[in-house]
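Student: Please find the sequence and the predicted model below.
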Protein chains: 2
Amino acid sequence: MAVTMKDIAKAAGVSVVTVSKIVNKQDRYISEETRQRVLEIIKASGYVPNSAARSLKTKSSHTIGFILPDISNPYYPEIARGIEDEARSRGYAMIICNTDNDVEEEKKAVAFLNSKMVDGVIYTHSIAGSNNKIVKKIETPLVVVDRRVIGVREGVGKVYVDTEAAMHTSTSHLLEKGCKHIALISAPHNGFDDRVEGYFRAIKEAGIRRDNRLVYLGQYDVETGYNAIEQFVAQGLHFDGVSCGNDLIALGVMRALNKHKIRVPEDVKVVGFDDIAFARISTPALTTVRQPAYEMGKKAAEMIIDYITEGKQMGECELPFALQVRETT
Amino acid sequence: MAVTMKDIAKAAGVSVVTVSKIVNKQDRYISEETRQRVLEIIKASGYVPNSAARSLKTKSSHTIGFILPDISNPYYPEIARGIEDEARSRGYAMIICNTDNDVEEEKKAVAFLNSKMVDGVIYTHSIAGSNNKIVKKIETPLVVVDRRVIGVREGVGKVYVDTEAAMHTSTSHLLEKGCKHIALISAPHNGFDDRVEGYFRAIKEAGIRRDNRLVYLGQYDVETGYNAIEQFVAQGLHFDGVSCGNDLIALGVMRALNKHKIRVPEDVKVVGFDDIAFARISTPALTTVRQPAYEMGKKAAEMIIDYITEGKQMGECELPFALQVRETT
DNA sequence: ATGAAAGCGCTAACAT
DNA sequence: ATGTTAGCGCTTTCAT
């Protein structure tokens, strides 16, 4: 049996109340002498407060949930790390729930986190489906990270980057490098699709007519990039640049291009999105738009914990993106 | 205020005990009629048991901790996913703690998880430092995953692959492909170093004299692979194969080789270790030894939860590795 | 400066 | 088949 406050109290010859006050630093009216004595006994005994009892009483678990599609997908781990660093440094634990972009799984995750009595949840929702319903089920403070949710309930924190502008930047970069026939390979979102819009705005500004045959919308994965190129090649389409919805797609693109002996960047230039660790490592190294994943996670955790502990209203926080020019353009 | 058992009891006109029994499926002696009635009220009210109260009573938090070096490093997320899948399907939450391979951070993580009253911990310890001390501080059931810990206390579960044999396999593969001068690039471990041993055993069996100039021990990262090759080249060393301690190193190797216009696999063959997602995607695709990371996580969670819930003794579990021959050999 | 009393929501004997 | 009682370890008035 673990040592409890009662044990400490008995050993120190004081009441549990006194011990509680000392542990919680409500020691305004505690004599320095007893304070020291109790503190020493605590240290010697290896006493650790029972968090279940504390939670039951205070209605706060000092735990936050992180709902995301899949931790084993690159990019998300960086967000998770940002959350964990900020959270733990402030005494909060992070419980993660993978949903595989499945709305049913998201519902389960929400119910699970509710049952775990988390004090808040950070949510990177799936790209398809009606996330507003999910958001409504979340009873705790909530911050939506990485994705833009339109019209969610009041008081929801938001941390994001302007993906429309980012995509505009990456596509414009291709244009500046002399590309005239730029393909878009990405994944469809429900509602406003920032990436697609950013791409179209860039080529429109350049006075280029849109060619829907060069737009391929699949998933945010390697296969999509690969398959898209296979399809373009099979159709005999001409293109000299590819703007990708994320780096995974770009890597798939490069693989397919390599297979067809199409040189990057000489024949076709490629630009990714996200700047996952492998963008730097691939050969050739991928030009991409950096999303500050770690910072987003950290900011989201900061926001929600500030709210939980100080009632500081959560707002919106837009973080900057940055073009990383490497070898594929 | 959330709805409690008391509310349900009042609404159903029964005692909280009856509700408790129904919720916990101890309904042997509950009449079908009351059972249904209570269940309906529960459903209608959206009642969720208060896990803090439950934990306080049962001394079980239904939460397990996962201590690991860094979730934003590929390979670990797969383990994490395996743990989370198994854990959540059985009602357990997973709290992760990053340690950055720092023993002090590991201590903090252990203290943190203890304070969170986790029912068990799954531990992938740092490669340096005296982990036995850490292990001793962990008061809960413990499973060590991915790493081999020698001489830890009794009753600790272990999930691992035979890395010595795996490294022997990858190096032997290089030998079979005709390599005569095989370099080893890896990271040093404290105590027995499986990977280094596996490598040496393979070249010794092939009757090749060991050349310590071709052994480079740094970190398990891209830079180490890159720097090692730079050093070999600068020293004018001849080598036709590289056996790497993990895939990150191998990727760094390929990058450096590419820079020096050394062709893979024509001039130098490269084999990695782990089979992270990017091994398949890199160009050329990396030949490597697959470690079943997801399965290891899943197995570790299974083991520890079986122990927690059924007292089933934890043992050792060796999972198989598998050579994945791709384009770099 | 310290403590007594009450109760958070739940479960586990022990009745009935 | 259902309820009474007690208590898990802690925090929070309210006394003293």
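Tutor: Noted; the coordinates are in hand.

Student: make it CA atoms for all contacts and neighbour counts henceforth
Tutor: Noted.

Student: which SS class is A:Leu248?
Tutor: helix (DSSP: H, G, I helix; E, B strand; the rest coil).

Student: count of neighbours near it?
Tutor: Other residues within reach of A:Leu248, judged by other C-alpha atoms under 10 Å in any protein chain shown, total 30.

Student: my guess is it meets A:Val222, correct?
Tutor: Yes - between A:Leu248 and A:Val222 there is a contact at 4.9 Å, judged by C-alpha atoms under 8 Å.

Student: Need the residues touching each of the two.
Tutor: Here A:Leu248 and A:Val222 have no joint contacts, going by C-alpha atoms under 8 Å, 6 or more residues apart in numbering or on different chains.

Student: how long is stretch A:8-16 from one end to the other?
Tutor: Using C-alpha to C-alpha, to the nearest Å, the end-to-end distance of stretch A:8-16 comes out at 8 Å.

Student: now do stretch A:208-218
Tutor: Termini of stretch A:208-218 sit 24 Å apart (C-alpha to C-alpha).

Student: before we move on, what about stretch A:277-292?
Tutor: 12 Å.

Student: buried set for that stretch?
Tutor: In terms of neighbour count (16 or more other C-alpha atoms under 10 Å in any protein chain shown), stretch A:277-292 has its buried residues at A:278-292.

Student: now swap in stretch A:177-190 and tell me
Tutor: A:179-189.

Student: again with stretch A:200-212
Tutor: Going by neighbour count (16+ other C-alpha under 10 Å), the buried part of stretch A:200-212 is A:200-203.

Student: residues in contact with that stretch?
Tutor: The contact list for stretch A:200-212 (C-alpha under 8 Å, 6+ apart) reads A:168-169, A:171-172, A:175, A:180.

Student: Out of those, grab the one that's most surrounded.
Tutor: Within those, neighbour counts (other C-alpha under 10 Å) peak at A:Thr171, which reaches 29 neighbours.

Student: For A:Asp102, give its distance to chain B.
Tutor: 14 Å (C-alpha to the nearest C-alpha, to the nearest Å).

Student: What mean pLDDT does the helix or strand A:Ala87 falls within get?
Tutor: Secondary-structure element containing A:Ala87, defined by DSSP states H and E: helix A:76-89. Averaging pLDDT along helix A:76-89 yields 96.

Student: now it against helix B:76-89, angle please.
Tutor: Using axes from the mean of the first three to the mean of the last three C-alpha atoms, to 10 degrees, one finds that helix A:76-89 and helix B:76-89 are set 70 degrees apart in direction.

Student: Does anything pack onto the lowest-mean-pLDDT helix or strand in chain A? Which helices or strands?
Tutor: Every helix and strand in chain A was compared by mean pLDDT, DSSP states H and E; the lowest is helix A:131-137, with a mean of 71. Helix A:131-137 sits against helix A:103-115, with contacts defined as 3 or more C-alpha pairs under 8 Å, 6 or more residues apart in numbering or on different chains; DSSP states H and E.

Student: Would you mark the buried spots in the helix it packs on?
Tutor: A:103, A:105-107, A:109-115.

Student: From the chain's centroid, how far away is it?
Tutor: Relative to the chain's own centre, helix A:103-115 is displaced by 18 Å; criterion: C-alpha atoms, centre = their mean, to the nearest Å.

Student: what's downstream of that helix, the next helix or strand?
Tutor: Reading on from helix A:103-115 to the C-terminus, the next helix or strand found by DSSP H and E is strand A:120-123.

Student: Enumerate the helices of the stretch 151-300 of chain A by residue range, in sequence order.
Tutor: Along the stretch 151-300 of chain A, counting by DSSP state H, counting those that start in this stretch, helices occupy A:163-176, A:194-205, A:222-234, A:247-259, A:277-281, A:293-310.

Student: ok, back up a step: from the buried residues of stretch A:177-190, which ones fall inside strands?
Tutor: Judged by DSSP state E, the buried residues of stretch A:177-190 include A:182-186 as members of strands.
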